[in-house]
Each structure stands twice: as C-alpha cells, then as structure tokens.
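Colleague: make a model of this:
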Amino acid sequence: MKDTNKKLSQLSAKAQHLLYDYRKHWNEKLSQSVAPLSDKRLQEIFRSFYNLLRMPAPLVVSVDSPMQLMLMPALLRIRALADRDTWSFLQERITEPAWVKVIAAMNEKISDADIQTLLSRRADQNTIPQMTSETETGKRSGSSAITSIFGRPMGKSIDSRLGFFESVISQLEVEFDQIVTPEIRHWIYDEAQFVDGGMPGRVENLHNIDWQLETMRVLQLCTAVQDLSNMGTTERAALRIFRERGDGTSLVRDELVKQGELESQFLQQVGADAAGILAHALSAQNLEPTIYESYPPVLEAIMDGGSNGLWFTGQLAVGFNSIVWQPKLDRLSNFTFLIDAGLEKLFDKGTALAIRNLRTFLANRTPFSPFCEIVFVSKQPQTVCLNEEGRFHSTEGPVLQYPDGFSLYAVNGVIVPKRTAVAPETLTVAEIDGEINLEVRRIMLDRFGIQRYLMESNADIINEDEYGTLYRKRMSGDEPLVMVRVKNSTPEPDGSFREYFLRVPPFMRTAKEAVAWTFDIEEDSYHPEKET
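Modeller: So this is what the prediction gives:
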C-alpha cells in the first residue's frame, strides 16, 4: 500500500476535462477491450484479482459452454471426494453426449495432481479472510465471500454469486479512500459513477443508442443462460434448500421453474439405485463438518433412502451458487478514471493491473464461476442471432451456439425448446398443455397455430349462431383461450367460403357478441346487412 499520509487533493486541468467527458472515453475503452481471451490471458486476469484479495492464484479452467460451467463443478466434486472405483463406476454409467463431453474436458484440463493441490488448499472456512476493519472501510462490508468448491453453499446473508466482485470492489474502495481526499472522491463519484460499468447515472446522458442495444443484448444473454440454469438446478423439490441458503433462487418466479431436467438425465444414465449407492459412498467418506453441514436435507434423504435426484441437486447447487452470468461492476469507473487520467501511480502496481483487467473482463461479458481454489470460465458463443430489436430470435437455427455444440433457441427474445423454434409442426397439444412457463407456452401456441390447437385440443363449443361458432379452451395458469369461428360471406374464386378464427376476450358469451367485439361495437348494435 502506498503512503497515505498525503492524499490526492486536486485534479489537474487535463484530468478535469477527462472527468466531464468520461462517458465517451469509457465506451471507447470498452470497445477496444472486446477480444477473445486466451487461457493464458484468463490466468493472468484472475491472478490479478485474487492477488488483490490477498489470495493464492487459482487454477483457471476454460470451459466450452454454460452447460459445462454448471456441470463441471458438480462432477469435479464427485471426482475429488469419491474414491477411484466410485468415479470409474460413474463414468461407465454416463453416456449422454453433452455429459461425456464435460467429463472428457475435465479429465483433460484437471489432472489428479491438480485435484490433490485443490484439496490441500481447501478453505477451512467458506469465506475469504476479513482484510479490513469497519473503521478502515468506512463502515463498508469489506470482503464479502468466495466459497470453496468443496465446502457448503453460502448462508442466508448474501448471494454468493455476488460475493466475488463485491469482494474486489470493496477492496478497491478501501484503497481509493486511502489515496484521495473525501472532496476529490465525491467529485469523481458524482461525475464518473456508472450503472453496470457502462451507462452513467445522469439522465441526460442515457440516450446512447449503441450502448442501449449492447445492454439489451447482454440482458438477453443473461436471461437465456439464467433460463438454462433454472432448467438444471431449480427442481421444485430443491427450491427450499436453495432458498434457505440465500443463493437468489427465490428471485425466480415459480412459473419459470422447470422440473430438474439435469437431475432427470443423471438418474436416467446411472439409475436410481446407483445414484443412492453413490450418494452413500460420498457422504460416508466426507463427514467433516464443512461437508456434512452443507446439505442436511440431502443427507436426511439419504438416510431415508430417498436421495436420488435430490442428492445430485445438492452437487449442482455448489456450481450454480457461484456462477456470475454478468459482472456487476457499477463502481469500476471510479477507479479506472484515475488510471485514464494519468494517476496510475497512486495505486500499487498490482491494484492498477487488477483495475485494467476488470475493465477487460467486463467488456467481454464472460460468464464464470469463482471458487477459493479454482475458477471456471465459459467461452463466448460462436453464433449469436438477434432480431432488429436486439432480442434473441431465430426460426431457422440456434440463437446461441457454443464450441462444444451446446445451443439455445429463442423466438422474439423468449428461450424455447428447439422444436418450438425450428420445427413447430412436430409439437403436440399435450406438450403445449404441459408447458408451465406461460411465455414459452404462448410462443408454442403461436408457432403451432392457434386455430390448429383449438381444433386438436377439443375445445368446448359454448355458443353457435348465424354469426359463427364460439369456442373456449381452458388454459392452466392462464386466461382461457376463446375464439370465434366465422365464415367469409364472399366466395373464393373456386366457389368455396374461407373460414377465419378470431381471438376474443374470455368473457364473450355468444358468437354474435364476439363478432361485434371485433368491430368495437355492442352486441345489440350489431346488425350487418352483409358480412365481409
């Protein structure tokens, strides 16, 4: 740490000029920093972060997709904490291609020697040491928390996915306070404070279309990958476990929660009985407090003979709780300003390096999972498809495709199953009715064809008169689907009469009332001489 007896008390004219136009400078720096990050570069970046937090450099593992980002920590835990026979048994049972790719990638990138090193560095406590007192931090929280990959998920006090960057930013704020006077600090805060490291707090400066589109793209990516994580780790049976540990799962609306597809895949591959045996083997060998206290509901289920998917959910929770989909560095611009203003020497070399690396990492929007001993970083997608509004959209292929082949599909910004996007004609009424996500179900209906769905789902006829036929189909968790079927009174060239289905509000009672509503008039006032 620099000598803090003499703090920066004034800014040069050049620094002041930069400060007043820092938004433009920040965006230029971000755009210059966007580039694929090599494994060596990622190692350098995270070494600087951990050095700032007074922690040993972690093992950095680059993974090919968010799917690997979720599965690899869980499978690494099993590999590290189980004996060789148990791990071999598991590998023999797993045959699903995506899972096989994860295991192959892990075996390639993490050796047995690496695992022994990770185990030897296992944190006794699941938080990094407190490095500054409340007095030094000005009543700030100081370092928040980074979990051990072999420890338990975070407690109720903090979402551990926020812990890493909160730790880094808190440490930077401590050093910032020590090198500038309060007046200069508040001046920089007022002029350089940004939202999510990009858009400034001043309302008159929010109209940067390019940045807004970039923000929209990032939010769509965040939503896409979050939906993926919901699909794999928030099985209804596990919601209580996650919520008790404050990992942010409570923020996920219940109607968006998928049944645990990854747990189901696990059970299908290894078998329910084998999953129970594996759970017993691991729990019996790892009863030290940090492990035993991790999943009391899981261990209770093991004792009751009902572990199965719930046990594997516990393994997935460790990785899920630590994934940072989109870095939240809303105070980073305060520190980069001093470097950009030529005042880098105010910081230690290591601190200045970490700040520059933070900006580079932010610019590349890279999902990652940090642990005390190891960091998993997802590669960027090879394919990104957006519509004119900047939302994920494609009816011809994936909107996101990663190096290992993992893909996500979306229609108008809504993540949907592959067949919904590219082959809606293959959907069934049962599949549509069984979809619990209302947004997805509505896209499925639209792609399948509402008229076709109404006929194939045997909707109720609630009224039929000279004006048409009124149908009603009850929709679980949503308002009823009500449509009126009308016939065009003007014949087609071949002499036939085309029929139309018009959607109307669910409170319609008669076909005449429904048709009148489409013309925005009352039923009693609707007396057409000739329908067209």
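Colleague: isn't Ile37 right next to Glu44, touching?
Modeller: Wrong residue type there; residue 37 is Leu, not Ile. No. With contacts counted by Cβ atoms under 8 Å, Leu37 stays clear of Glu44, the gap being 9.5 Å. Quick note: C-beta positions are derived from backbone N, CA and C, even for glycine.
Colleague: which element follows the one helix or strand Leu454 maps to toward the C-terminus?
Modeller: Per DSSP states H and E: Leu454 is located in helix 450-456. Following helix 450-456 in sequence order, the next helix or strand is strand 460-465 (DSSP H and E).
Colleague: list the buried ones in that following strand?
Modeller: Going by neighbour count (16 or more other Cβ atoms under 10 Å), the buried part of strand 460-465 is 462-463.
Colleague: other SSEs contacting it?
Modeller: Secondary-structure packing of strand 460-465 (3 or more Cβ pairs under 8 Å, 6 or more residues apart in numbering; DSSP states H and E): strand 468-473, helix 511-518.
Colleague: residues contacting it, please?
Modeller: 469-473, 509-512 (Cβ atoms under 8 Å, 6 or more residues apart in numbering).
Colleague: and stretch 57-66, by the same measure?
Modeller: 39, 42-43, 46-47, 50-51, 69, 72, 101-102, 105-106, 109-110, 114, 117-118, 225, 228-229, 367, 370-379, 402-404, 406.
Colleague: ditto for stretch 505-521
Modeller: 462-470, 472, 479-480, 482, 484-486, 502, 504, 522-523, 525-526.
Colleague: for it, buried residues please.
Modeller: Within stretch 505-521, the residues scored as buried using 16+ other Cβ under 10 Å are 508, 510-517.
Colleague: quick check, nearest of the contacts of strand 460-465 to Asn412?
Modeller: When the contacts of strand 460-465 are compared for distance to Asn412 (Cβ to Cβ), Lys473 wins out at 22.6 Å.
Colleague: ok, and the closest non-adjacent residue to that closest one?
Modeller: Ala459 (3.9 Å; Cβ to Cβ, 6 or more residues apart in numbering).
Colleague: now do the same contact list for the one you found.
Modeller: Here Ala459 is in contact with 471-473, 481, 483 (criterion: Cβ under 8 Å, 6+ apart).
Colleague: please tell me which one of those counts the most neighbours.
Modeller: The most crowded member of those is Tyr471, carrying 26 neighbours; neighbours defined as other Cβ atoms under 10 Å.
Colleague: give the bridge partners for it, please.
Modeller: Tyr471 has these beta-bridge partners by DSSP bridges: Ile461, Met483.
Colleague: counting by contacts, list what the strand or helix carrying Thr336 packs against.
Modeller: Assigned by DSSP H and E, Thr336 belongs to helix 332-340. Counting contacts by 3+ Cβ pairs under 8 Å, 6+ apart, helix 332-340 packs against helix 13-20, helix 22-33, helix 160-179, helix 182-192, helix 349-363.
Colleague: next one: the shortest one to chain centre, how far?
Modeller: Using Cα atoms, centre = their mean, to the nearest Å, the mean C-alpha position of helix 13-20 is found 37 Å from that of the whole chain.
Colleague: what are the contacting residues of that helix?
Modeller: Residues outside helix 13-20 that contact it (Cβ under 8 Å, 6+ apart) are 11, 25, 187-188, 191-192, 337, 340-343.
Colleague: most surrounded residue in those?
Modeller: Ala192 (26 neighbours).
Colleague: just confirm Arg185 contacts Phe176, I think it does.
Modeller: Yes. Contact criterion Cβ under 8 Å: Arg185 and Phe176 qualify, at 6.7 Å.
Colleague: settle it for me: which of these two has more neighbours?
Modeller: Under the criterion of other Cβ under 10 Å, the comparison of Arg185 against Phe176 puts Phe176 first, with 21 against 17.
Colleague: so how far is Thr366 from that one?
Modeller: Taking Cβ to Cβ, to the nearest Å as the measure, Phe176 falls 25 Å from Thr366.
Colleague: before we move on, back to that, looking at the contacts of stretch 57-66, which are in strands?
Modeller: Of the contacts of stretch 57-66, the ones assigned to strands by DSSP state E are 370, 374-378.
Colleague: for ChimeraX, what selects the buried ones among the residues you listed?
Modeller: In ChimeraX, this line selects whichever of the ones in strands among the contacts of stretch 57-66 come out buried by 16+ other Cβ under 10 Å:
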select :370,374,375,376,377,378
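Colleague: of the ones in strands among the contacts of stretch 57-66, which pair is most distant in space?
Modeller: Greatest spacing in the ones in strands among the contacts of stretch 57-66, by Cβ to Cβ: Ile374 and Ser378 (14.1 Å).
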